[in-house]
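Colleague: Next one to model:
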Amino acid sequence: MSDYDAIVVGAGHNGLTAAAVLQQAGLRTVCLEANTYTGGMAATVELIDGFRYEIAGSVQFPMPSQIAKELGLDTLPTVDAEVMSVNLGDEGEEPMIFYRDPMQFMTHLADKHGTDAVTGMAELIGWSQGPAKALGRFDVRTPPKTLDAMYACAANEAERTAIHDVLFGTAMDAIDRYLPDKHKHAVLRSMLAFLAINSTYRGPYTPGSATCLAFALAVPDDTTAMMTKLEGGIGALCEHLHQLFVENGGEVRYRAKVEKILVKDDRVTGVRLRDGSEISAPVVVSNLSPDHTLIDLVGAEHLPPGTLQRLRALRPTFPCWLTHIGLAGVPAEVLEQAQGYYWDSWDMDRVGRDALRFKLFVPTLYEPAMAPPRGQVLIVQKVQEMDYAAVTDWPLHKEQVERFVLGHLSRLIPGIEDKIVVRTSASAQTSWRFTLNHQGAMLGWEMAPDQLGERRPAIQSPFKNLYFVGHWAQPGGGITPVMISAMQTVKLITRSAESDSRPVPGFIDVAAAVPA
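Modeller: Presented below is the predicted three-dimensional model:
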């Protein structure tokens, strides 16, 4: 007799999703978390006295209504902010204000950027719909598509052409086609270029970057919202999943760091924790990266040479730098005038790794309770900030990046350094140590054509009962897209349990092996 029917390693939002659905399906499930809180990169945590921060993820991206209803996510209170983001360009350029209401957003584009901006954006969003179907962006419990199946899902020649664009073209091919005016639409083009590189470590002129652009622009047929803020930060989503899991009889164990995944006769049989205790189960689901899971936890000695080779060939997304700042004495209107809710810039003349990619979140503009009275919370992300392997002196690198961050904040908010109460930074190295995201890559493995569909995460497990959920699974990165993958994985496990047969190999790319 095993201790449990299933073990989930890692209580991030994907691990919690898998654990909750497994428990609902009747499998006795335990979720093991090395930290003292659940949510992982999608948690809201009081890092510093009185100041609560979203660790990394901040917004909930579009998801199929079926998943929202099944998990009860449609009941979570949202922040009804009129403005979701502001994209700033050079001095004198009209900013692009991302209004929550689609009609208000389009009216703003027409008034400030011209009717051709409205037409271009509408055409771009239309262009993304065919690729979204091909990539399985909103598929629920369906296997990822082969390359042939991606083309076959096109409803017309325009969709087929767009799918070809996504697989072989660049983001700027599409942006130049629909918004060709490099001066009039500079800010809008910069925003789209940023979206195109948000899940990859390449520039918008690089072949394959169109994949990320289509992925980011797509919305389900039954909604118009491109992103949503939750009351209490993104951690509210994980708190809900945690409660759903526990209410159905599931168990979460904290400070339960998995040291080894146990293997016997080419099957995993359970795990061994850092304290030496062992837990057995016929199914193990890992929310950790495939390379760490298989090479470090299972052990390279148990893996075929081909698996090792493919693991080492996988490419992560960009490393990410996070700085969390607590302010006092800065009026909210100063922050609103500075940047609204979200700020980024893309230097179109420098598309290499030195180009500026910078985001500033100020959640206390809408949720004052996330800071002490008269305080403000700032979260800075500097993305694609370096080649991880090229950094040899991390303390010096930290000093340089913090100087960069404070320099730009001082331009937006004069005198900010005198208003800082607390400040903490997390480099890519720190993120890798504490979250086990490969090289601090916040969005997991790169979204490139050769790492999508049945090729994501481009490897196949040699074990018949080891499964993966997370950014490396189908369809790709982001707070809610990866939750889709967690539910797809659970489908494989529960079907195997119902048929009393050995589960199929645990990667999403073999879902087609499960009978319909």
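Colleague: buried ones in the helix or strand containing I175?
Modeller: Element membership for I175 (DSSP states H and E) is helix 171-178. By neighbour count, with 16 or more other C-beta atoms under 10 Å as the criterion, the buried positions of helix 171-178 are A171, M172, D173, A174, I175, Y178. Any C-beta I mention is one placed from the backbone N, CA and C, and that applies to glycine too.
Colleague: Enumerate every residue touching W394.
Modeller: Counting by C-beta atoms under 8 Å, 6 or more residues apart in numbering, W394 makes contact with S427, Q429.
Colleague: Any stretches of the stretch 151-300 of the chain with poor pLDDT?
Modeller: 201, 222-226 (pLDDT under 70).
Colleague: hang on, N35 packs against Y254?
Modeller: Yes. N35 sits in contact with Y254 when judged by C-beta atoms under 8 Å, with a separation of 6.9 Å.
Colleague: more crowded one of those two?
Modeller: In this view N35 and Y254 are compared by other C-beta atoms under 10 Å, and N35 has more residues nearby, 18 against 14.
Colleague: Look up how far I175 lies from that one.
Modeller: 40 Å (C-beta to C-beta, to the nearest Å).
Colleague: ok, now E402?
Modeller: From E402 over to I175 the distance is 33 Å, taken as C-beta to C-beta.
Colleague: Tell me if I'm right that K112 and Y99 touch.
Modeller: No. Contact criterion C-beta under 8 Å: K112 and Y99 do not qualify, at 11.5 Å.
Colleague: Now E46. Nearest residue, chain neighbours left out?
Modeller: R52 (4.9 Å; C-beta to C-beta, 6 or more residues apart in numbering).
Colleague: quick one, longest helix in the chain?
Modeller: For the chain, the helix that runs over the most residues, judged by DSSP state H, is helix 115-135.
Colleague: Next, the angle helix 171-178 makes with that one.
Modeller: Relative orientation of helix 115-135 and helix 171-178, computed by axes from the mean of the first three to the mean of the last three C-alpha atoms, to 10 degrees: 140 degrees.
Colleague: Give me the helices and strands touching helix 115-135, please.
Modeller: Using 3 or more C-beta pairs under 8 Å, 6 or more residues apart in numbering; DSSP states H and E as the contact test, the elements touching helix 115-135 are helix 102-113, helix 147-152, helix 157-168, helix 171-178, helix 186-196, helix 209-217.
Colleague: let's go with 7 Å and repeat that
Modeller: Contact partners of helix 115-135 among helices and strands, from 3 or more C-beta pairs under 7 Å, 6 or more residues apart in numbering; DSSP states H and E: helix 102-113, helix 157-168, helix 171-178, helix 209-217.
Colleague: Return the set of buried residues in the second one.
Modeller: So that's helix 157-168. Within helix 157-168, the residues that qualify as buried are E159, R160, A162, I163, H164, D165, V166, L167, counting by 16+ other C-beta under 10 Å.
Colleague: do the first one as well
Modeller: Taking 16+ other C-beta under 10 Å as the basis for neighbour counts, the residues of helix 102-113 that come out buried are F105, M106, H108, L109, H113.
Colleague: and which of the buried residues of helix 171-178 is nearest to P290?
Modeller: Comparing the buried residues of helix 171-178 against P290 with C-beta to C-beta picks out A171 as the nearest, at 26.8 Å.
Colleague: Skipping adjacent residues, who's closest to the closest one in space?
Modeller: Distance criterion C-beta to C-beta, 6+ apart; nearest residue to A171, sequence neighbours excluded, is A196 at 3.3 Å.
Colleague: Next, count neighbours for that neighbour.
Modeller: A196 sits with 30 neighbouring residues when counted by other C-beta under 10 Å.
Colleague: so how far is R253 from it?
Modeller: Computed with C-beta to C-beta, the distance linking A196 and R253 is 40 Å.
Colleague: Likewise for A81?
Modeller: 37 Å.
Colleague: Strands of the stretch 201-350 of the chain, start to end?
Modeller: Defined through DSSP state E, counting those that start in this stretch, the strands belonging to the stretch 201-350 of the chain, from first to last, are 251-253, 258-264, 267-273, 278-280, 284-286, 320-328.
Colleague: Now do the buried residues in the third one.
Modeller: If you call a residue buried by 16+ other C-beta under 10 Å, then strand 267-273 has these buried ones: R267, V268, T269, G270, V271, L273.
Colleague: Tell me which residues touch the last one, please.
Modeller: Shown in contact with L273 (C-beta atoms under 7 Å, 6 or more residues apart in numbering): A256, K257, V258, E259.
Colleague: one more time with 10 Å, if that's ok
Modeller: With contacts taken as C-beta atoms under 10 Å, 6 or more residues apart in numbering, L273 has the following neighbours: L32, A34, R253, R255, A256, K257, V258, E259, K260, I279.
Colleague: Is it bridged to anything, and to what?
Modeller: Partner residues in beta bridges with L273, using DSSP bridges, are V258.
Colleague: distance of it from L22?
Modeller: With distances defined as C-beta to C-beta, the gap from L273 to L22 amounts to 20 Å.
Colleague: Contacts only, for the closest residue to I163 other than its chain neighbours.
Modeller: Excluding the flanking residues, the one nearest I163 by C-beta to C-beta, 6+ apart is A134, at 4.7 Å. For A134, the set of contacting residues under the criterion of C-beta under 10 Å, 6+ apart consists of 145, 147, 149-154, 159-160, 162-164, 166-167, 211, 214, 452-453.
Colleague: what's the answer for V246, then?
Modeller: Under the criterion of C-beta under 10 Å, 6+ apart, the contact list for V246 reads A19, A20, Q23, C31, V252.
Colleague: Next, count neighbours for the fourth one.
Modeller: Neighbouring residues of C31 were enumerated by other C-beta under 10 Å; the total is 30.
Colleague: ok, it - contacts?
Modeller: When contacts are taken as C-beta under 10 Å, 6+ apart, C31 is in contact with 6-12, 15-16, 18-20, 22-23, 38, 242, 245-246, 250-254, 256, 285, 287.
Colleague: And for the last one?
Modeller: Contacts were defined as C-beta under 10 Å, 6+ apart; by that measure V252 touches 8, 11, 15-16, 19, 29-33, 38, 242, 245-246.
Colleague: Of these, select the buried ones using a ChimeraX command.
Modeller: Selecting only the buried members of those in ChimeraX, with burial defined as 16+ other C-beta under 10 Å, works like this:
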select :8,11,15,16,19,29,30,31,32,33,38,242,245
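Colleague: Next secondary structure element downstream of the host helix or strand of W432?
Modeller: When secondary structure is defined using DSSP H and E, the element that contains W432 is helix 428-435. Counting by DSSP H and E, the next helix or strand C-terminal to helix 428-435 is strand 466-468.
Colleague: helices or strands next to that following strand in the packing?
Modeller: When contacts are defined as 3 or more C-beta pairs under 10 Å, 6 or more residues apart in numbering; DSSP states H and E, strand 466-468 sits against strand 6-9, helix 13-24, strand 267-273, strand 284-286, helix 481-499.
Colleague: mean confidence for it?
Modeller: Strand 466-468 shows a mean pLDDT of 85 in the predicted model.
Colleague: show me the contacts for A162.
Modeller: Taking C-beta under 10 Å, 6+ apart as the criterion, A162 is in contact with 126-134, 154, 156, 169, 174, 210, 214.
Colleague: which of these are buried?
Modeller: Buried positions within these, assessed by neighbour count (16+ other C-beta under 10 Å), are 127-134, 154, 169, 174, 210, 214.
Colleague: I'd say the residue nearest to A171 and T170 touch.
Modeller: Yes. At 8.2 Å, A196 and T170 qualify as touching, with contact defined as C-beta atoms under 10 Å.
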